[in-house]
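S.K.: Pasted the sequence and its predicted model underneath.
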Amino acid sequence: MRRKLTSTLAAVSMIGTAAFAEPQAGISTAITDIAAGADRHDWARVRDAFADTVTTDYTSLWGGDPVTQPADELVAGWSAFLPGFDATHHMVTNHTITSLSDTSAMAQADFTATHRLDKDLWVLGGRYDYILEKSDDRWVVTAMTMTALWETGDRGLLTLAGQRAAEAN
């Protein structure tokens with residue numbers, strides 16, 4: 001009896017782990033595709049990580065209000081200035097699922113975003129909070145809030161990168 005109970009508990013524990021592993025991998029993939037896709041200028045990869053409509057909140061950095069817009073517009077905006085940098089590196093780590101159901105999830109991650117233009121850098125660090133939904137067989141981001149905790153370097157590089165990207169097109 002004791003052996004059967006121990007085996008049953010072990011099986012339940014493994015099933016629970018496997019059941020959690022699938023959404024965790026899918027959520028981490030969506031989070032990673034946004035950052036890595038942006039750094040590689042793989043805009044289709046970035047777009048696929050979002051729902052058709054997405055809310056972004058960068059008020060901790062720029063002020064203003066959160067913006068809800070079609071994901072195509074969000075990605076078009078990023079593709080208009082990020083290629084103007086010589087390099088960007090968005091390292092998004094410590095992916096943590098804070099809420100999970102069959103169809104929705106919330107997650108957090110820490111980030112460091114490095115932007116290089118010529119010999120100058122603008123580096124930003126903080127946390128992202130994500131809201132995701134299950135769409136068909138994958139997780140997509142419906143909302144993303146960036147909380148800037150620190151920065152160093154020249155924030156003005158963003159304007160210069162936008163000008164460089166516009167001149168290149």
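M.R.: Now that the structure is in, tell me what you want to look at.
S.K.: When you work out contacts or count neighbours from here on, use the C-alpha atoms and nothing else.
M.R.: Noted.
S.K.: The residue nearest to A38 when sequence neighbours are not counted and L82, how far apart?
M.R.: Using C-alpha to C-alpha, 6 or more residues apart in numbering and skipping residues adjacent in sequence, the residue nearest A38 is V46, 6.4 Å away. Distance of V46 to L82, given as C-alpha to C-alpha, to the nearest Å: 13 Å.
S.K.: Nearest residue to the residue minimising distance to the centre of the chain in space, please, no chain neighbours.
M.R.: Centroid-nearest residue in the chain, with C-alpha atoms, centre = their mean: I31, separated by 3.7 Å. Of all residues not flanking I31 in the chain, A49 sits nearest, at 7.3 Å (C-alpha to C-alpha, 6+ apart).
S.K.: How many neighbouring residues does the one you found have?
M.R.: By the measure other C-alpha atoms under 10 Å, the count of residues near A49 is 25.
S.K.: cool, Y58 as well?
M.R.: For Y58, the neighbour count with other C-alpha under 10 Å is 18.
S.K.: who touches it in this structure?
M.R.: By C-alpha atoms under 8 Å, 6 or more residues apart in numbering, Y58 lies in contact with 65-66, 145-147.
S.K.: redo that, cut-off 6 Å
M.R.: Contacts for Y58 (C-alpha atoms under 6 Å, 6 or more residues apart in numbering) come out as M146.
S.K.: From M146, how far out is it?
M.R.: Computed as C-alpha to C-alpha, the Y58 to M146 distance reads 5 Å.
S.K.: Give me the phi and psi angles of V54.
M.R.: The phi/psi pair for V54 (degrees, to the nearest 10) reads phi -140, psi 140.
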